[in-house]
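Asks: Okay, here's the prediction I keep looking at, along with the sequence it came from:
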Amino acid sequence: MLETDKVFAGSIPEIYDRYLAPLIFESYAFDLAQRIALTDPTTVLETAAGTGVLTRAIASRLPEYARIVATDLNQQMLERAKARQYHNDRIEWKQSDALLLPFADQRFDVVACQFGVMFFPDKVQGYEEAHRVLKPGGRFIFNVWDRISENEFADTVTEALAALFPHAPPRFLARTPHGYHDIESVRADLSAAGFANISVDTVNHISKASSPLDPAIAYCQGTPLRNEIQVRGTSYLEDATKRAAEALTNRFGAGEIEGRIRAFAITVIR
């Protein structure tokens, strides 16, 4: 993983929340929130909360007595999330690293993470921290994307940019968000962190967009893929977005479009 893969700054948080959240994150947030609600927790820690897509889904499904601490490495992402959940005193927002959590041992009933563990530089250390802050019998509930070929919009954008930059293709999407799809590797890392009871469900959804331009903007401008494009020259961003939109049009059509997305929902018990 490149260092720029972790940088969600500038206009990325706003574009991410406006375009990417409804495109691919909301349906999976509903799924994780339902899994969390079934455990009837009173204390939930969310790591890599981003702009709060999962946070909002959790808050809408838990009773008033439940408390949520939502954390992220990027303060700008948290600011966007906090603005969307203004005056909700059930949620505490805190900038922190999931690999070095500033919380006491055995504090939470649930640790949740939506599509964040792929960004952990050390997966086992991140899992060890989740294990440490969970109460005995608590759940660590998270998800990861399947391989990029099973996520059609992301795959199409990646191939379009490979054609635009043939000598140095931007590979952020394949390398990081879709780079941790081997479930046996995930199981091994969880086991190394001390977890033994591990269950995995495959979750399929359909991603829908009002036009091919929306997912092109979402991926090219609302993720760290933007950083990888702009390092080649700031003038390339609009061209890359246009090429991605053209490729999506060629594959899915010119009006409202749909593409397959697939992820794995993972629940482990401390």
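Replies: Good, I have the coordinates. Numbering: from 1, shown residues only.
Asks: Which element, helix or strand, includes residue 263?
Replies: Using DSSP states H and E, residue 263 falls within strand 257-269.
Asks: Please enumerate the helices of the stretch 101-250 of the chain.
Replies: Taking DSSP state H, counting those that start in this stretch to define them, one finds helices in the stretch 101-250 of the chain at 123-133, 152-164, 172-175, 183-192, 213-221, 225-230, 236-252.
Asks: Which strands or helices does the third one pack on?
Replies: Looking back up the chat, that one is helix 172-175. helix 152-164, helix 225-230 (3 or more Cβ pairs under 8 Å, 6 or more residues apart in numbering; DSSP states H and E). Quick note: C-beta positions are derived from backbone N, CA and C, even for glycine.
Asks: if we can go back for a sec, would you turn the helices of the stretch 101-250 of the chain into TSV with mean neighbour count and mean pLDDT?
Replies: TSV is the format used below for these (neighbours: other Cβ atoms under 10 Å; pLDDT from 0 to 100):
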stretch	mean neighbour count	mean pLDDT
helix 123-133	21	98
helix 152-164	21	98
helix 172-175	21	97
helix 183-192	15	98
helix 213-221	25	98
helix 225-230	23	95
helix 236-252	18	97
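Asks: what about the ones you listed, which gets the closest to residue 11?
Replies: helix 213-221 (7.2 Å; Cβ to Cβ).
Asks: mind listing what the residue nearest to residue 107 when sequence neighbours are not counted touches?
Replies: Nearest non-adjacent residue to residue 107, counting by Cβ to Cβ, 6 or more residues apart in numbering: residue 133, 5.3 Å away. By Cβ atoms under 8 Å, 6 or more residues apart in numbering, the contact list for residue 133 reads 45, 101, 103-108, 111.
Asks: and residue 133, how far is that from residue 55?
Replies: According to Cβ to Cβ, to the nearest Å, residue 133 stands 17 Å off from residue 55.
Asks: what about the residue of the chain most remote from its centre, distance to residue 232?
Replies: Going by Cα atoms, centre = their mean, the residue of the chain most distant from its centre is residue 167, 28.6 Å out. Residue 167 is 10 Å from residue 232, where distance means Cβ to Cβ.
Asks: And for residue 183?
Replies: 34 Å.
Asks: got any ranges where the stretch 1-150 of the chain has weak pLDDT?
Replies: Scanning the stretch 1-150 of the chain for pLDDT under 70 picks out the ranges 1, 3-6, 86.
Asks: go again using 90 as the cut-off
Replies: Across the stretch 1-150 of the chain, the ranges flagged by pLDDT under 90 are 1-11, 83-89.
Asks: Tell me which residues touch the most centrally placed residue in the chain, please.
Replies: Nearest residue to the geometric centre of the chain (Cα atoms, centre = their mean): residue 115, 3.0 Å. The neighbourhood of residue 115, defined by Cβ under 8 Å, 6+ apart, consists of 25, 28, 48, 143-145, 177, 263.
Asks: do that again at 7 Å, thanks
Replies: 143-145, 177 (Cβ atoms under 7 Å, 6 or more residues apart in numbering).
Asks: Over to residue 251?
Replies: residue 156.
Asks: Could you report the separation of it from residue 159?
Replies: 9 Å.
Asks: now residue 104
Replies: Taken as Cβ to Cβ, the span from residue 104 to residue 159 is 47 Å.
Asks: for residue 225, same thing?
Replies: On the measure of Cβ to Cβ, residue 225 and residue 159 end up 13 Å apart.
Asks: same deal with residue 14?
Replies: Per Cβ to Cβ, residue 14 is found 27 Å from residue 159.
Asks: Also residue 128?
Replies: Distance from residue 128 to residue 159, by Cβ to Cβ: 37 Å.
Asks: same deal with residue 65?
Replies: Computed as Cβ to Cβ, the residue 65 to residue 159 distance reads 49 Å.
Asks: What of residue 187?
Replies: Taking Cβ to Cβ, one finds residue 187 at 30 Å from residue 159.
Asks: Could you do residue 39 as well?
Replies: 40 Å.
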